[in-house]
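Engineer: the following comprises the amino acid sequence and a computationally predicted model.
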2 protein chains.
Amino acid sequence: MKQYKKISDLGEFGLIERIAARVAGAAGVITGIGDDAAVTAPAPAMQLLTSTDMLLEDVHFRRGWHDPYRLGRKSLAVSISDIAAMGAQPRWALLSLAVPAGLPLDFLDEFTSGFLAMAAEHGVALIGGDTCSSRSGLVISVTIMGEQLPERILRRCGARCGDEVWVTGTLGDAAMGLKMLESDSSPSALLSADGTAGDGYLISRLLDPTPRVSVGLALAESGLASSMIDISDGILADFGHIAELSAVGGSIRLNDLPLSAAFRLRAEKLPEFPYQLAFSGGEDYELCFTAPAENREKIVDCVKKCGVKATPVGIVSSLPGVVAVGTDGNPFSVPDKGFNHFT
Amino acid sequence: MKQYKKISDLGEFGLIERIAARVAGAAGVITGIGDDAAVTAPAPAMQLLTSTDMLLEDVHFRRGWHDPYRLGRKSLAVSISDIAAMGAQPRWALLSLAVPAGLPLDFLDEFTSGFLAMAAEHGVALIGGDTCSSRSGLVISVTIMGEQLPERILRRCGARCGDEVWVTGTLGDAAMGLKMLESDSSPSALLSADGTAGDGYLISRLLDPTPRVSVGLALAESGLASSMIDISDGILADFGHIAELSAVGGSIRLNDLPLSAAFRLRAEKLPEFPYQLAFSGGEDYELCFTAPAENREKIVDCVKKCGVKATPVGIVSSLPGVVAVGTDGNPFSVPDKGFNHFT
């Protein structure tokens, strides 16, 4: 590989070749990077699931916070999470980059390493993309394709009155991590902290989320769940989408929201317990799903096999709208119902 | 539909709903816009072709030149062209938009109209996408999926020594249109000119290109061509990709390049005949393909049925590299070998 320092020295085709050289062949990939279009062979009887996400510098990420490796991982993780939320197997990805002229080539190489590491963890092959120059910040666009048998696909629209509302993992960690970064004028210690526990864990949940692919697949194959979505805008907003598309309503119990030890520890240092981070905080990329109450034990077993915990946190009701229920059993007023890009 | 003036009044979900409301169901679309991922059903035995393009304001387009309707058309056309270049049928598209906060809602509505008109012309269904705010210009990312039987797919790598090199339509029109806009300080007359002939035609070729889907499909079904690519960076650069991937070389004859009447008329007004626009001009979105010489008559017939002309313009040779041959039969030096985003 030739020695370059900046992407502008490399050129457009050099940039594509530099990424393509690191991509191996994979199942179902007939023609990968390098032709007008990629060619893949969907497995017989499978339906195709497709989703796309665009990430802009200083809107979705800051280069000061997101090191290139974790940014590469997260760029793909958020798209994989959409496939996980349908109970499907992610297969193929496209990556488009609009790159500021002065971006160091090391940044690109680290980004690619992170992207391909996340891809390998979930059996995803990078099959194509686009590159161009950007006159402002870095723009990342990822398209992901997955597969699943038609009868196993889990949608937002299947929730029924009386179903329980579940979430995987813990909620609010990423939002707490964001709050910490925002209030720290020199966050380098936070950013380099060990991600396995404490504050480092919360930061790592924000910068390096884990898509719940195996849980999504296990639930889809078990037939235990009636609807599913991933939590990118907070459970109230995202369960709200399930409720709307299922023509139902529901309530979420504050007391039952699963919180990590790191979240609780940090919360104790705040003047008020930050319930709204767990209710309305974005970017957890956990799964929210609904299921008939009689499936409760089977669901606990099914999810445990994937090394993840699932917690029932609410009930689907016939009354439209989603209500947060406070510690006293009364409706709890939540000021912010999740992140909206245009307000 | 509620009355809004600006996209910031509408909100992110309002924007998605506003686009989704205009999209009808289509063949193979099981779940369209509105879930975590779109669900489509590939036809049995078909392979999937996927391509993605990112368009940035002031890099790929200027809002002063590209009216929103034609910008919507072109955003999809350039991706459809990639599927056409594989000889495949375009089927499904994803559209992501990063929108400056002050963008008028009329702009979005017109853009959507253009995008959906281009989609309807080629049997493409819009099945999903992403929207977010942009702190600088408009960013458009389109992913397209198509289908074709494995044995019919035309790649860049099939050219053989002795094959003829063909192009559809005429070359250099878009580059001439760009040159005209760049040298005109108040191009409003050009931009509003009738697009059927003269200068308006050249502008229209730049702002509203036609992907050659029916020709690509006809060639793929006929089995007459050995390789194919679409011309986005000029025939020398794009045939160069065929040559490289086919491990061959070739020559392109200046004298035989098909030029439109509008191009010739405009060229006469210039101090020197602008051969380089036809050789190296980008964005024509015609097809370049190779075929054994004995297929010549059948190819003319096959392409004529699609209402398009195809012209043999060169020969594939065993010597590596692509040579432009001038009017005197000698190699012709071309200063610019096509558009490179990073130089």
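Structural biologist: That came through, no problem. Being a predicted model, the structure only gives us computed values, none of them experimental.
Engineer: which residue ranges of chain A form strands?
Structural biologist: Assigned by DSSP state E, chain A shows strands spanning A:29-31, A:38-40, A:47-56, A:89-100, A:125-134, A:139-148, A:164-168, A:227-231, A:249-253, A:286-291, A:310-317, A:321-325.
Engineer: thought A:Leu154 was touching A:Gly87?
Structural biologist: Yes - if you go by CB atoms under 8 Å, A:Leu154 and A:Gly87 touch, sitting 4.0 Å apart. For glycine as for every other residue, the C-beta is placed from the backbone atoms N, C-alpha and C.
Engineer: mutual contacts of those two, please.
Structural biologist: Shared contacts of A:Leu154 and A:Gly87 (CB atoms under 8 Å, 6 or more residues apart in numbering or on different chains): A:Gly216, A:Leu219, A:Ala220, A:Ala225, A:Met228.
Engineer: tell me the one among those nearest to A:Arg63.
Structural biologist: Relative to A:Arg63, the closest of those is A:Gly216; by CB to CB it sits at 30.8 Å.
Engineer: for the nearest residue to the closest one once chain neighbours are set aside, which residues are in contact?
Structural biologist: Setting aside the residues directly before and after it, A:Gly216 is nearest to A:Ala84 in space (CB to CB, 6 or more residues apart in numbering or on different chains), at 3.7 Å. Applying CB under 8 Å, 6+ apart, we find A:Ala84 in contact with A:Pro90, A:Pro211, A:Arg212, A:Val213, A:Val215, A:Gly216, A:Leu217, A:Asp230, A:Leu287.
Engineer: surely the third one meets A:Glu286?
Structural biologist: Yes - taking CB under 8 Å as the definition, A:Arg212 is a contact partner of A:Glu286 at 6.4 Å.
Engineer: now the common contact residues for the two.
Structural biologist: Counting by CB under 8 Å, 6+ apart, the common neighbours of A:Arg212 and A:Glu286 are A:Thr168, A:Gly169, A:Asp230.
Engineer: can you pull the pLDDT of A:Ser85?
Structural biologist: Just to correct that, residue A:85 is Ala rather than Ser. Listed pLDDT for A:Ala85 reads 98.
Engineer: and if you look at A:Val334?
Structural biologist: 69.
Engineer: kindly report the same for the one 5 residues further on.
Structural biologist: Turning to A:Phe339, the model gives it a pLDDT of 49.
Engineer: what's the spacing between the nearest residue to A:Asp230 once chain neighbours are set aside and B:Ala37?
Structural biologist: For A:Asp230, ignoring the flanking residues on the chain, the nearest one in space by CB to CB, 6+ apart is A:Ala85 at 3.9 Å. As judged by CB to CB, to the nearest Å, A:Ala85 and B:Ala37 stand 7 Å apart.
Engineer: the more surrounded of the two?
Structural biologist: Taking neighbours as other CB atoms under 10 Å in any protein chain shown, A:Ala85 and B:Ala37 compare with A:Ala85 leading, 31 against 28.
Engineer: my guess is the more buried one contacts A:Glu286, does it?
Structural biologist: No - using CB under 8 Å as the test, A:Ala85 is too far from A:Glu286 to be in contact (9.9 Å).
Engineer: mutual contacts of those two, please.
Structural biologist: Contact criterion CB under 8 Å, 6+ apart; residues shared by A:Ala85 and A:Glu286: A:Asp230.
Engineer: could you chop chain A up by domain?
Structural biologist: Domains of chain A are assigned by automatic domain parsing as A:7-152, A:156-325.
Engineer: on that earlier part again, out of A:Leu154 and A:Gly87, name the residue with the larger neighbour count.
Structural biologist: The neighbour comparison of A:Leu154 against A:Gly87 (other CB under 10 Å) goes to A:Gly87, with 29 against 26.
Engineer: show me where pLDDT drops low in chain A?
Structural biologist: Chain A contains residues with pLDDT under 70 at A:1-4, A:334-343.
Engineer: and with 50 instead?
Structural biologist: Chain A contains residues with pLDDT under 50 at A:1, A:337, A:339, A:341, A:343.
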